[in-house]
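Asks: Sequence and predicted model, in that order:
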Amino acid sequence: MYEKQYPYEGMIVFVRKEEPSGYEHAAQLVIERALFQYQKNQLMKQIDEALIAGNKALFLELSSQYNQLREKYKSLQTKQMG
């Protein structure tokens, strides 16, 4: 029988958590804005298609999803993104 040897087995290793840097916060904002823009664009395309097709039920559902998306990301929205 083969048994692996782990050099740190049985040891407790403490890792000090570093404070988030300004870069991490900026990166998180960029990612969240990109997600918002992508999801917004997808919903807008689907809403347009529902309008063209005359599908009122789908339009209302997608509009509700769009409003929920805007509420979720309301802290990110600016005049340009709104």
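Replies: Received, thanks.
Asks: which helix is the longest one in this protein?
Replies: In the chain, assigned by DSSP state H, the helix with the most residues is helix 22-53.
Asks: Quick check: buried residues in the following helix or strand past that one?
Replies: The first helix or strand that comes after helix 22-53 along the chain, using DSSP states H and E, is helix 56-72. Buried residues in helix 56-72, defined by neighbour count with 16 or more other Cβ atoms under 10 Å: 59, 62, 66, 69-70. Placement of C-beta: from N, CA and C, glycine included.
Asks: go on, stretch 35-50?
Replies: Neighbour-count burial for stretch 35-50, counted by 16+ other Cβ under 10 Å, picks out 36, 40, 43, 46-47, 50.
Asks: Reformat these as JSON lines; add pLDDT and distance to residue 25.
Replies: Putting the buried residues of stretch 35-50 into JSON lines (pLDDT from 0 to 100; distance: Cβ to Cβ, whole Å) gives the following:
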{"residue": "36", "pLDDT": "95", "distance to residue 25": "16"}
{"residue": "40", "pLDDT": "96", "distance to residue 25": "22"}
{"residue": "43", "pLDDT": "98", "distance to residue 25": "27"}
{"residue": "46", "pLDDT": "98", "distance to residue 25": "32"}
{"residue": "47", "pLDDT": "97", "distance to residue 25": "32"}
{"residue": "50", "pLDDT": "97", "distance to residue 25": "37"}
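Asks: Could you dump those into JSON lines with distance to residue 77 added?
Replies: Shown next, in JSON lines, are the buried residues of stretch 35-50 (distance: Cβ to Cβ, whole Å):
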{"residue": "36", "distance to residue 77": "8"}
{"residue": "40", "distance to residue 77": "10"}
{"residue": "43", "distance to residue 77": "14"}
{"residue": "46", "distance to residue 77": "20"}
{"residue": "47", "distance to residue 77": "18"}
{"residue": "50", "distance to residue 77": "23"}
